[in-house]
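Asker: no sequence on this one, just coordinates:
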């Protein structure tokens, strides 16, 4: 009997934000939708990223026909290097999404062996018993799709991340017709993004930020520093357009932003007029009022370009009294402290900081649909079964409440990671669980933008790689470091004295080259110490210990 | 010359939220306004609270005439035990404020030696050259005052924390007349609360939450769990009134809430009808729809009653499917993760959770005035000098911008902790700095509500008390603990093997009595391990090592 059922198995993203990964199986054929990563909670030390457990896939490796990507955000593609290194299957994505994937795979030297296949919205792909039609949707990123997956028991529609932006900046319209048509023909199951289920009404169009940004450009007398998520191509284009209109040159600073801008230019999503973009080295020769510096680090990430500029420790970006710093982004919950610390540093430089404090006007809009857009989609699609995806448990639960209140859905199902849902033409039943541990990965290098090298931390063998605790006593007010740093090592076989004393010097050097401001910002100084020491240890030993700086305030 | 100047020296609260403490000095007389604590950033390990550095006061101990308290919140009175143990001077506060202070001093066995003097709004207190008149203001707490301090060079007006609540629930009106009168007579300097300087408009009255809370009481079919800040006496009273109206008995759970409720009843701020309040032990005999459980822990504090109930680990509070949990409080920035973790636990119990998500109606209002109230006060008082207090650097800066835009202030001064401001009748000049290190305190016991015992952590002598790292490998999905806990000890002279192996057993026992849900919540399990191990170590040694649990996910 189960042979006639379609299995739906979420491996990630249902019960947490991030590492989205959904498996569909019909008999001996499996397809996977998205392969994301997530960033670990702070308590989880020594881990840079968390990716889905794909043991269900590796156990059925001969059955996996491919991975289909809805768009290029990290929580949808960031797990690919890890997954492909375990299971090299074809990867399907739109042109822009694949450009991001290529960069990511290249860093891990996985690109040559990868089989990347472009998807075009509206063009059908056949994968065994599955016939998949990508449908254009709008989101904060460009070239995003939902996936209509025709299966032997009916159509499963996965929205990916979306909002219904009826005036998209790239003039590529949300394909409402396709959803309406599917709804008329009958959809078995709708899997819909839950991210903004708590927000009433509609999410404003990406274009809605233009008037306020224009105003800020007009009012800024000196240098304008503009920070947004590096993948926000629409926002980057808008900033460049405004720079052009207001007679400012544009310098781009920060690796992730640089990379994104380059891809977007290559694919025609950005087309700045000749001479608009200058090199960071030319900043110093450009008058302040003629300059827009696009800089990465909206979340106060300790090693980002903007965080470093905020403590006056960036080669090209010097923020001076009277400059304006605009964070065209939201405050991601959990990042408040690092963001506000960075803002305080900027305010002390007497920069004017404009951020999403509820009183700065519309300087950012979400890329995810609010309640009315979720309802609109459910009404258009009218699925038999409704399954919320992408969210913590409470978001999934509320999304089900929202769907129940509409009267168009036959049954709602709250699935969590690992659940097996078996669907027939008229049935949807949870029948079991597959193992879904979380896979914690140590990225090896500085945890800035890039995962250089992947190592799964199997913590059962702690003693092999061990723990290193650099202990530093800092005076918060002055940033002065008292005493020499201590180093405690546990469980590293190679912990000879020479190494430890050299490690102390590495830490001392990091402290020496850091400003008092950086040292008084524990988030920043811990990350610098961790990153420098990690590099040293890995160069000089074959170990990858957990490095956990301890700051003692005195 | 400097002999004719009034010195104003903030020791805390100007450049950070918390540990408010302001010094006024005229020649050989010093008074202190407030003596608060703050909670340290997460990176600061092994420290429970941070209090102001009072070395300026201890160096001038014969000159200090007293400490004047504006109200009973921790960020205004929490540093008192520490300060009084160093410097036993008279403490002035209103009746309610002193009741809080008494409890706090009693815990530290400081009450018998303390000299607590009641202030009554409108009644003048003479302290050497200072003549101080407390003025009634409104805030989230009851019995709060601003202080008009008459000095030889003019009046310094310190607002304390306030909002202009024109319909206060206790019918004790904000004394606008007193401020207007002072303004007419002339005020040298206004020191004003900056907390909500980012918010436009007016803060709603405390009474504004009643309609929505009433609605929630009416709609709740089973048990209603109600959580608010324990000092929110107005809110507690409202909840009890609504319980009475809706035919529910009230049980109070959680030490801080219990304590606050008792004080408020003693002083007549709460007057529940006989039979309304029941003991927690009677919960099980009360029908679900007849029950209101007031429970502490709005911020998801790992050891709070509500957090424990959320993982079904509280003796009296059992949250079941269909129960409602109302968090009548705000999400304090930095606490998002622990709060949302707790909410997810509650949602998994199928409780309905109502919290400040922007879509739940007016279930909480701030106790601090918004921009229009700040402007109103400045206009009424029309001080020569305006000095913002209580806030991070950016709040102080914005508050100055707000004041500058009004045209009634002669000069604004951005003071930070440690700055010395010298004021004459027509001058206000920064002339130097006093040392303001932060004083980090290890509270000894479980870091729930009470500071049992104060030890300043002098981290120069790390080797004396040392560091203990319990290392535990946990499977996040199952909450299963792999292997026995390891213990790493550094720098404790008494680290014999017996102690370590017993410490391992202590940790093991904590793990054994914790549910899988608790173990999968790193915040909770770390705090439980830290707290149990701390108690064991302090009982069995004279040391107070830094205890830092390390969770390794496997």
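Answerer: Now that the structure is in, tell me what you want to look at. Everything quoted here is computed from the prediction, not taken from an experiment.
Asker: going forward, measure contacts between C-alpha atoms and count neighbours the same way
Answerer: OK.
Asker: Residue A:476 contacts residue B:436, doesn't it?
Answerer: No. Contact criterion C-alpha atoms under 8 Å: residue A:476 and residue B:436 do not qualify, at 10.1 Å.
Asker: any common contacting residues for these two?
Answerer: With contacts taken as C-alpha atoms under 8 Å, 6 or more residues apart in numbering or on different chains, residue A:476 and residue B:436 have no neighbour in common.
Asker: what about residue A:183, distance to residue A:382?
Answerer: According to C-alpha to C-alpha, to the nearest Å, residue A:183 and residue A:382 sit 6 Å apart.
Asker: Looking at those two, which one has more neighbours?
Answerer: residue A:382 (26 against 19; other C-alpha atoms under 10 Å in any protein chain shown).
Asker: Report the contact partners of residue A:260.
Answerer: A:100, A:230, A:231, A:233.
Asker: Only the buried residues of the helix or strand harbouring residue A:502, if you could.
Answerer: Assigned by DSSP states H and E, residue A:502 falls within helix A:497-512. Neighbour-count burial for helix A:497-512, counted by 16 or more other C-alpha atoms under 10 Å in any protein chain shown, picks out A:500, A:503, A:504, A:506, A:507, A:508, A:510, A:511.
Asker: ok, now stretch A:242-250?
Answerer: Buried residues in stretch A:242-250, counting neighbours by 16+ other C-alpha under 10 Å, are found at A:242, A:243, A:244, A:246, A:248, A:249, A:250.
Asker: end to end, how far does that stretch reach?
Answerer: End to end - C-alpha to C-alpha - stretch A:242-250 spans 10 Å.
Asker: where along the stretch 401-550 of chain A do the strands fall?
Answerer: A:411-412, A:419-423, A:428-433, A:438-442, A:455-456, A:467-474, A:481-490, A:546-547, A:550-553 (DSSP state E, counting those that start in this stretch).
Asker: Go through those strands and find the least confident stretch.
Answerer: Lowest mean pLDDT within the strands of the stretch 401-550 of chain A: strand A:455-456, at a mean of 53.
Asker: quick check: mean pLDDT across stretch A:502-514?
Answerer: On average, stretch A:502-514 scores 90.
Asker: list the contacts for the residue nearest the centre of chain A?
Answerer: Central residue of chain A (C-alpha atoms, centre = their mean): residue A:74, 3.6 Å from the mean position. For residue A:74, the contact set (C-alpha under 8 Å, 6+ apart) comprises A:36, A:37, A:38.
Asker: Nearest residue to residue A:397 in space, please, no chain neighbours.
Answerer: residue A:414 (6.9 Å; C-alpha to C-alpha, 6 or more residues apart in numbering or on different chains).
Asker: pLDDT at that neighbour, what is it?
Answerer: Residue A:414 is given a pLDDT of 97.
Asker: In strands, which of the buried residues of stretch A:242-250 appear?
Answerer: A:249, A:250 (DSSP state E).
Asker: Among the buried residues of stretch A:242-250, pick out the one closest to residue A:136, please.
Answerer: Nearest to residue A:136 among the buried residues of stretch A:242-250: residue A:242, at 27.3 Å, using C-alpha to C-alpha.
Asker: Name the nearest residue to the closest one, ignoring sequence neighbours.
Answerer: residue A:214 (6.5 Å).
Asker: next one: the strand or helix carrying that neighbour to chain centre, how far?
Answerer: In this structure, residue A:214 sits in helix A:210-219 according to DSSP H and E. Counting by C-alpha atoms, centre = their mean, to the nearest Å, helix A:210-219 is centred 27 Å from the centre of its parent chain.
Asker: List the contacts of it.
Answerer: Counting by C-alpha under 8 Å, 6+ apart, A:224, A:238, A:242, A:243, A:246, A:361, A:362, A:363 sit against helix A:210-219.
Asker: Recalculate using a threshold of 7 Å.
Answerer: A:242, A:246, A:361, A:362, A:363 (C-alpha atoms under 7 Å, 6 or more residues apart in numbering or on different chains).
Asker: dump the residue contacts of the second one.
Answerer: Just to be clear, that refers to residue A:246. Residue A:246 touches residue A:217, counting by C-alpha under 7 Å, 6+ apart.
Asker: mind pulling up the phi and psi values for it?
Answerer: For residue A:246, the backbone dihedrals (degrees, to the nearest 10) come out as phi -100, psi 10.
Asker: So, low pLDDT: which residues of chain A?
Answerer: The model of chain A has pLDDT under 70 over residues A:1-2, A:42-46, A:442-465, A:490-497, A:554.
Asker: repeat that for 50
Answerer: Applying pLDDT under 50 to chain A flags residues A:445-453, A:457-463.
Asker: Next up, phi/psi of the residue nearest to the centre of chain A, please.
Answerer: Given degrees, to the nearest 10, the pair of backbone angles that residue A:74 has is phi -60, psi -30.
Asker: Against residue A:22, how distant is it?
Answerer: As for residue A:74, its distance to residue A:22 is 15 Å (criterion: C-alpha to C-alpha).
Asker: what's the distance between the nearest residue to residue A:88 once chain neighbours are set aside and chain B?
Answerer: With C-alpha to C-alpha, 6+ apart as the criterion, residue A:88 has its nearest non-adjacent residue at 6.9 Å, and that residue is residue A:114. Distance of residue A:114 to chain B, given as C-alpha to the nearest C-alpha, to the nearest Å: 29 Å.
Asker: Which strands or helices does the top helix by length along chain A pack on?
Answerer: Among the segments of chain A that qualify as a helix by DSSP state H, the longest is helix A:522-540. For helix A:522-540, the packing partners by 3 or more C-alpha pairs under 7 Å, 6 or more residues apart in numbering or on different chains; DSSP states H and E come out as helix A:497-512, helix A:516-520.
Asker: As a check, name the ranges of all helices in the stretch 251-400 of chain A.
Answerer: Assigned by DSSP state H, counting those that start in this stretch, the stretch 251-400 of chain A shows helices spanning A:255-266, A:305-310, A:336-348, A:371-381, A:393-404.
Asker: rewinding a little: now, among the contacts of helix A:210-219, which is nearest to chain B?
Answerer: Proximity of those to chain B (C-alpha to the nearest C-alpha) peaks at residue A:361, which lies at 11.9 Å.
Asker: nearest spatial neighbour of the closest one, skipping sequence neighbours?
Answerer: Looking at residue A:361 with C-alpha to C-alpha, 6+ apart, the closest residue is residue A:212, at 6.4 Å.
Asker: burial of that neighbour, as a residue count?
Answerer: Neighbour number of residue A:212 under other C-alpha under 10 Å is 15.
Asker: go on, residue A:222?
Answerer: Residue A:222 is flanked by 18 other residues according to other C-alpha under 10 Å.
Asker: Quick check, it in contact with residue A:320.
Answerer: No. Between residue A:222 and residue A:320 there is no contact, the gap being 9.0 Å when judged by C-alpha atoms under 7 Å.
Asker: Which neighbours do these two have in common?
Answerer: By C-alpha under 7 Å, 6+ apart, no residue touches both residue A:222 and residue A:320.
Asker: Let me have the strands of the stretch 401-550 of chain A in CSV, extended by mean neighbour count and distance to chain B.
Answerer: Below are the strands of the stretch 401-550 of chain A laid out as CSV (neighbours: other C-alpha atoms under 10 Å in any protein chain shown; distance: least, C-alpha to the nearest C-alpha, whole Å):
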stretch, mean neighbour count, distance to chain B
strand A:411-412, 18, 16
strand A:419-423, 21, 13
strand A:428-433, 14, 12
strand A:438-442, 22, 7
strand A:455-456, 16, 10
strand A:467-474, 22, 7
strand A:481-490, 17, 7
strand A:546-547, 22, 10
strand A:550-553, 24, 6
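Asker: Out of the ones you listed, which gets nearest to residue B:201?
Answerer: strand A:550-553 (39.5 Å).
Asker: Could you list every helix and strand that that closest one packs against?
Answerer: Short answer (3+ C-alpha pairs under 7 Å, 6+ apart): strand A:550-553 packs on strand A:467-474.
Asker: Sheet-wise, list the partners of the strand it packs on with their directions.
Answerer: Using DSSP bridges, strand A:467-474 pairs in its sheet with strand A:481-490 (antiparallel), strand A:546-547 (parallel), strand A:550-553 (parallel).
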